[in-house]
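>>> Need a 3D model of the sequence below.
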Amino acid sequence: MSPKKAPVKVVVDPILALKEKFAEIKEIRKKLVEVKALYQRHDQLVAELLPYFVEVTPDKFILKREFIIGSDKFRLVPYFFDEKKGCILPVVWKSSAHRTLTIE
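Got it, this is the predicted structure:
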């Protein structure tokens with residue numbers, strides 16, 4: 001008969017785990033600050049290019065889906081319109097900040 005071994009106790013420092021999480025948050029925030037400038041530039045470029053996709057008449061706005069320069073074709077993809085259903089969506093639900101359209 002073999003002698004019973006004592007259970008192994010694993011010492012986990014909860015404060016160390018919390019410190020690691022706080023350190024990770026600091027690193028993530030540093031990366032987000034770097035990316036923030038890219039989002040701002042992206043938004044500026046979209047604002048400058050959007051008028052090429054919109055035709056304004058006295059009583060309406062007409063969205064053009066494509067803008068062609070030479071052989072390059074650029075598309076406007078509005079997220080407030082469901083192409084499958086062919087209708088305008090009153091709300092677009094997402095889990096984070098989202099755009100109403102994109103230019104591809």
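>>> Run through the neighbouring helices and strands of the longest strand anywhere in the chain.
Secondary structure of the chain per DSSP state E: the longest strand is strand 72-78. Secondary-structure packing of strand 72-78 (3 or more C-beta pairs under 8 Å, 6 or more residues apart in numbering; DSSP states H and E): strand 66-69, strand 101-103. Where C-beta positions appear, they are placed from N, C-alpha and C, glycine not excepted.
>>> Out of those strands, which gets the lowest mean score?
Among the helices and strands packed on strand 72-78, strand 101-103 has the lowest mean pLDDT, at a mean of 66.
>>> Could you tell me which ranges of this structure sit under the pLDDT cut-off?
Filtered on pLDDT under 70, the chain yields the residue ranges 1-3, 6, 8-11, 90-104.
>>> show me where it has strands.
Using DSSP E, strands in the chain cover 54-57, 60-63, 66-69, 72-78, 81-82, 87-88, 101-103.
>>> counting contacts, what elements does the second one pack onto?
In terms of contacts (3+ C-beta pairs under 8 Å, 6+ apart), strand 60-63 is packed against strand 54-57.
>>> Partner strands of the strand it packs on and their direction?
Using DSSP bridges, strand 54-57 pairs in its sheet with strand 60-63 (antiparallel).
>>> roughly how far out does the partner strand sit from the chain middle?
Taking C-alpha atoms, centre = their mean, to the nearest Å, the mean C-alpha location of strand 60-63 is offset from the chain mean by 26 Å.
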